[in-house]
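A.B. asks: Attaching a predicted model along with its sequence, questions to come.
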Amino acid sequence: MRLRFLLSVTFLILSSVAPFSSFAKPYIIGYDETKAQIANMTMLFYDRAHGTQVEYNSSNGKTYLLYPGNKVIVKGQWKLERTDNPNVFSMCFKYPANSYNPATNQSGGSWECQKAGFYLIGPIERAQGDVLGLAKGEAAPFILQKRKTNLKSLVRKLPKP
């Protein structure tokens, strides 16, 4: 009896909310808006497999990755591609063939793509420009630790000029 009551109440709640759900439409942005959120941006990512990673995507299609423990910047390429769906774009990266992703056990050398929307929700922080100077040289400005951090703390670690 109690289960029947709970099911009835649940049905009433859901049926009263359903007409309003049509107002919650996804926010769709175009190609140029998507690219503007990627080009000339420094992105800080964190996940348990990799730890903290910082990536600068220049406006000219080059990308610079500061990976935990690396003494050098991993340089690569990025591109935003249109798909058959005019509202969906692919974010693609290509790193050198001698690069290696320890979390996936894969080497670089070929393009790897994902939906741009997934890429854009990935960063826990982003900033306009190359805030860590990753595009300026081969060597990492410091050895990035795997633990979670933020861009402000990393900027403070930069060598003073």
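C.D. replies: Good, I have the coordinates. Numbers count the residues shown, from 1 in each chain.
A.B. asks: Dump stretch 85-96 to CSV, restricted to CA.
C.D. replies: Provided in CSV are the C-alpha atoms of stretch 85-96 (Å, rounded to 0.1, in the frame of the first residue of the first chain):
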residue,chain,number,x,y,z
ASN,A,85,26.2,18.1,-37.2
PRO,A,86,26.5,21.9,-37.5
ASN,A,87,26.3,22.3,-33.7
VAL,A,88,29.0,19.8,-32.9
PHE,A,89,32.7,20.3,-33.3
SER,A,90,35.7,18.1,-32.7
MET,A,91,38.7,19.2,-30.7
CYS,A,92,41.8,17.4,-32.0
PHE,A,93,45.4,17.2,-30.7
LYS,A,94,48.5,15.7,-32.2
TYR,A,95,51.6,15.3,-30.1
PRO,A,96,55.0,14.1,-31.4
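A.B. asks: contacting residues around that stretch?
C.D. replies: 28, 31, 34, 38, 63, 65, 74-83, 108-120 (Cβ atoms under 8 Å, 6 or more residues apart in numbering). All C-beta spots, glycine's among them, are computed from the backbone N, C-alpha and C.
A.B. asks: For that stretch, buried residues please.
C.D. replies: Across stretch 85-96, burial judged by 16 or more other Cβ atoms under 10 Å covers F89, S90, M91, C92, F93, K94, Y95.
A.B. asks: Can you tell me which of those residues lies closest to R126?
C.D. replies: Nearest to R126 among the buried residues of stretch 85-96: M91, at 13.8 Å, using Cβ to Cβ.
A.B. asks: Provide the secondary structure category for the closest one.
C.D. replies: Recorded secondary structure, M91: strand (DSSP: H, G, I helix; E, B strand; the rest coil).
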